[in-house]
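Enquirer: quick one, structure for this:
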Amino acid sequence: MTRLRFSTAREVFETFPSAGKVIATRPAVEHPLAFLRRLAQGPAPAEAISYCAYVLPRREAVWWAAQSLRAMLAPGTAPDDGLAAAEAWVRDPRDETRRAALAVADTADPAQPGTWVAFAAGYSGGSMVEGHAVPCPPDLTAKMARIAVLTALGQKSGRDHKAALRNCVEACIRLADDDGKPAS
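Expert: Residues are numbered from 1 along each chain as shown. From the prediction side, this is the model:
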């Protein structure tokens, strides 16, 4: 079973015009995961990271970004508060945990990838502002998840960077194919 909500890669760009601003490669009429694999093997493999953030549903995009960040942590390194808050929201996607993730992100260091994955969770739905009905734009989770993963990848170099990028793409594929859990 797949978690993808798109039957073609082109639908991702039609649904999220902002994806076209960060992904220069245009899809043919092809399955979303076929396009993802093509991006990962193409001349600008970082485009695959951007595409992962857009192709997955919001909760899965946050889970993908959180898994990607966790996999890039040095052994024995504890996750920062932002990553922990995002993971808490994935496990318990109620408005209270979403708001808690947003509160953590608002006070966290913007240089840390965990801050951006917490924003991804915080902007996954509901209101952007407490006490006022300000709906989150539908592409904001993807934008924040993308920033989180690209920020973490930017801290890697050489073979570590290539391996981490490949692992991020593989994590996206596993989630899209329903192997990476959550959902319920």
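Enquirer: please count neighbours and contacts with C-alpha atoms only from this point.
Expert: OK.
Enquirer: what's near enough to touch the residue nearest to the spatial centre of the chain?
Expert: By CA atoms, centre = their mean, the mean C-alpha position of the chain lies nearest to residue 145, the distance being 3.4 Å. Listed by CA atoms under 8 Å, 6 or more residues apart in numbering, the contact partners of residue 145 are 53, 61-62, 65, 116-117, 119-120.
Enquirer: show the end-to-end separation of stretch 132-148, please.
Expert: Across its full length, stretch 132-148 reaches 27 Å between end residues, using CA to CA, to the nearest Å.
Enquirer: gap between that stretch and the chain center?
Expert: Offset of stretch 132-148 from its chain centre (CA atoms, centre = their mean, to the nearest Å): 11 Å.
Enquirer: cool, stretch 162-177 as well?
Expert: 11 Å.
Enquirer: other residues contacting that stretch?
Expert: 1-4, 33, 36, 40, 45-46, 48-49, 52, 56, 60, 64, 67-68, 71-72, 153, 156, 180-181.
Enquirer: quick one, helices of the chain?
Expert: Remark: helices assigned in the chain by DSSP state H are 9-15, 19-22, 32-41, 46-55, 58-72, 81-91, 95-107, 113-122, 140-153, 158-176.
Enquirer: can you list contacts of the helix or strand of the chain with the lowest mean pLDDT?
Expert: Within the chain, no helix or strand scores below strand 127-129, which has a mean of 86 by mean pLDDT, DSSP states H and E. Identification of contacts with strand 127-129 by CA under 8 Å, 6+ apart yields 122, 133-136.
Enquirer: can you put the helices of the chain in JSON lines and add mean pLDDT and distance to residue 129?
Expert: Output for those, formatted as JSON lines (pLDDT from 0 to 100; distance: least, CA to CA, whole Å):
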{"stretch": "helix 9-15", "mean pLDDT": "96", "distance to residue 129": "24"}
{"stretch": "helix 19-22", "mean pLDDT": "97", "distance to residue 129": "25"}
{"stretch": "helix 32-41", "mean pLDDT": "96", "distance to residue 129": "33"}
{"stretch": "helix 46-55", "mean pLDDT": "97", "distance to residue 129": "23"}
{"stretch": "helix 58-72", "mean pLDDT": "97", "distance to residue 129": "19"}
{"stretch": "helix 81-91", "mean pLDDT": "98", "distance to residue 129": "17"}
{"stretch": "helix 95-107", "mean pLDDT": "97", "distance to residue 129": "9"}
{"stretch": "helix 113-122", "mean pLDDT": "98", "distance to residue 129": "10"}
{"stretch": "helix 140-153", "mean pLDDT": "98", "distance to residue 129": "14"}
{"stretch": "helix 158-176", "mean pLDDT": "96", "distance to residue 129": "30"}
